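J.: model this:
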Amino acid sequence: MRHAVLPRALLALMLAACAGGAARQRALLPAMQLAWPGVRSDVVAAAPGPDVLSIADDMDSALAAGDPQLVALVPWPPLRDAATAGILAKEQAGLLGPGPAASLRERVARFGDAYAHLVAR
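T.: Below is the predicted model:
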């Protein structure tokens, strides 16, 4: 009896692992859509030039469309840099303490990770 259960358990584990990867892939875009308003707020707080604001608008449109291929066309590095600068500006202005600033930086980093996974698909 024990010998019959082990292969079934391994099969179930392998199927769950495969399904987990697919579920993670499907969860990337909704997670990015939820995080983007906060990340965008950090981008705007940096008072970037019109080129970065235009890229942010492109990300708005791509995420609103829910199309991973459109999101992949939007360059992330200028947005990441502006968001990081915006968080620093908020911190230096006394609007954020070190803990909340670290949390916002983590959100930017996780958004970047999701973007990288989405682009790599």
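J.: ok, and the helix or strand in this protein with the lowest average confidence?
T.: Here the helix or strand of the chain ranked lowest by mean pLDDT, DSSP states H and E is helix 2-45, holding a mean of 70.
J.: so which helix or strand takes in the residue lying closest to Ala31 once chain neighbours are set aside?
T.: Once flanking residues are discounted, Ala31 sits nearest to Ala114: 5.8 Å by C-beta to C-beta, 6 or more residues apart in numbering. For every residue, glycine as well, the C-beta is placed using N, CA and C. Using DSSP states H and E, Ala114 sits within helix 98-120.
J.: from the contact counts, what lies against that helix?
T.: On a contact count with 3 or more C-beta pairs under 8 Å, 6 or more residues apart in numbering; DSSP states H and E, helix 98-120 meets helix 2-45, helix 68-73, helix 76-92.
J.: quick check: mean pLDDT of the last one?
T.: Along helix 76-92, the predicted local confidence has a mean pLDDT of 97.
J.: so what touches that helix?
T.: Under the contact criterion C-beta atoms under 8 Å, 6 or more residues apart in numbering, helix 76-92 has outside partners 39, 41-48, 51-52, 55-56, 59, 96-98, 101, 104-105, 108, 112, 115-116.
J.: so which bits of that helix are buried?
T.: Residues of helix 76-92 classed as buried: 76, 78-80, 82-88, 90-91 (neighbour count, 16 or more other C-beta atoms under 10 Å).
J.: adding distance to Ala120, write the residues you listed out as a markdown table.
T.: Listed next are the buried residues of helix 76-92 as a markdown table, based on distance: C-beta to C-beta, whole Å:
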| residue | distance to Ala120 |
| --- | --- |
| Trp76 | 12 |
| Pro78 | 19 |
| Leu79 | 18 |
| Arg80 | 16 |
| Ala82 | 23 |
| Ala83 | 21 |
| Thr84 | 22 |
| Ala85 | 26 |
| Gly86 | 26 |
| Ile87 | 26 |
| Leu88 | 29 |
| Lys90 | 31 |
| Glu91 | 32 |
